[in-house]
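Novice: what follows is a predicted protein model with its sequence.
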Amino acid sequence: MGTTRMNVGNVEIVSLLDTPFEIPWQIFFPERSESDFEPYRERYPRSYGERGFRTQAGCYAVRSQGQTILCDTGIGPGPIQFLGGLRGSLLEDMRGKGIPPEGVDTVFFTHLHGDHVGWNLSANGAPNFPKARHLVPQADWDYFGKMLETNQQMQQVTPLADQGVMDLISGEQTLTSEVTTYPTPGHTPGHTSLLISSAGERAIITGDLAHHPAQIDHVEWCSAFDADARTTTETRRKVFDQAEADRLITAFCHFPDPFGKLIPLQGKRVFQAL
Ligand SMILES: [Zn+2]
């Protein structure tokens, strides 16, 4: 497994694990056959499970200029019926890695799917990150609308607005002079990445721009959860071309290795874990 901490100039990024999980290939990638992924098994063995596509609900903590920014909050405490009673453990993982939830200044959501907003609220409905402002992409807030109240997994968002601890964001927003939001639409309309730039080094946390590392090479392979296949494919191509050209450190919430670089290798573009 790759490293769980990276220094990008003066910024520290810590990867956090809520929980690994598996989903049948046909449910996650209904337009692809399982055999499409076989040529990539040897390079990415940990993205292949016994019962299907193996992935994880991952998050990142970014420490910059005295601020702690939490990027996404995982799938939550569960039990998640859709995934066989799955339970996440993000808060424990944070404490174990020296990032107490009480110390988070900003919670930033790459998008509002249920596996990225799950730990917002404690059992009594109070925010788990009591000091934090919570930044929600406006386009996702608009797009999901009523679903934020009716979908079990997504009910962790609207109460943040009711409690006055949420801000809607759009476009590129400066979180610190080293950390900027960067819209990467397609997976959802408001899907947003985080760009980190410090002391000549750069990284991008791309949220769900890809789920399986084979999509680094096949940017046109979309999942059932990509809202707009054409836009997400265009965004993937643009961001991955740039990441490869600039040798950016890249981070994906659903990859088993938290950090890597996109490099050309034997006619393919691959994710090389760091
Ligand atoms: Zn996701």
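Specialist: Sure thing, it's come through. The shown structure was predicted, so the numbers you read here are calculated from the model rather than taken from an experiment.

Novice: quick one: low-confidence parts of the stretch 1-150 of the chain?
Specialist: Low-confidence segments of the stretch 1-150 of the chain (pLDDT under 70): 1.

Novice: got a list of what the closest residue to the ion within it touches?
Specialist: Of all residues in the stretch 1-150 of the chain, the one sitting closest to the ion is residue 115 (4.4 Å; C-beta to the ion). No exception for glycine: its C-beta is placed from N, CA and C like everyone else's. Applying C-beta atoms under 8 Å, 6 or more residues apart in numbering to residue 115 gives the contacts 18, 57, 74-75, 153.

Novice: ok, and the most crowded of those?
Specialist: residue 18 (30 neighbours; other C-beta atoms under 10 Å).

Novice: any idea which helix or strand comes after the helix ranked longest in the chain?
Specialist: The longest helix of the chain (DSSP state H) is helix 229-245. The helix or strand immediately downstream of helix 229-245 is strand 249-251, counting by DSSP states H and E.

Novice: and the gap between residue 133 and residue 107?
Specialist: As judged by C-beta to C-beta, to the nearest Å, residue 133 and residue 107 stand 7 Å apart.

Novice: who has more neighbours, these two?
Specialist: Neighbour count, other C-beta under 10 Å: between residue 133 and residue 107, residue 107 has more, with 28 against 15.

Novice: which residues does residue 61 bridge with?
Specialist: Residue 61 has these beta-bridge partners by DSSP bridges: residue 14, residue 70.

Novice: next: residue 21.
Specialist: Beta bridges link residue 21 to residue 55, judged by DSSP bridges.

Novice: report the contact partners of residue 151.
Specialist: Residue 151 touches 114, 144, counting by C-beta under 8 Å, 6+ apart.

Novice: start the count at 44 instead of 1 going forward.
Specialist: That works, and once the first residue is 44, the last one we named lands at residue 194.

Novice: phi, psi for it please.
Specialist: phi -80, psi 120 (degrees, to the nearest 10).

Novice: same check, this time on residue 290
Specialist: phi 50, psi 40.

Novice: same check, this time on residue 144
Specialist: phi -50, psi -30.

Novice: the residue nearest to residue 138 when sequence neighbours are not counted: how many residues sit nearby?
Specialist: Spatially, and ignoring its direct neighbours in sequence, residue 138 is nearest to residue 144 (7.6 Å; C-beta to C-beta, 6 or more residues apart in numbering). Counted with other C-beta under 10 Å, residues neighbouring residue 144 total 21.

Novice: ok so, going back, the contacts of residue 158 into TSV, with extra columns for secondary structure and distance to residue 186?
Specialist: What follows is the contacts of residue 158, written out as TSV (DSSP: H, G, I helix; E, B strand; the rest coil; distance: C-beta to C-beta, whole Å):
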residue	secondary structure	distance to residue 186
61	strand	23
100	strand	21
117	coil	21
118	coil	20
196	helix	16
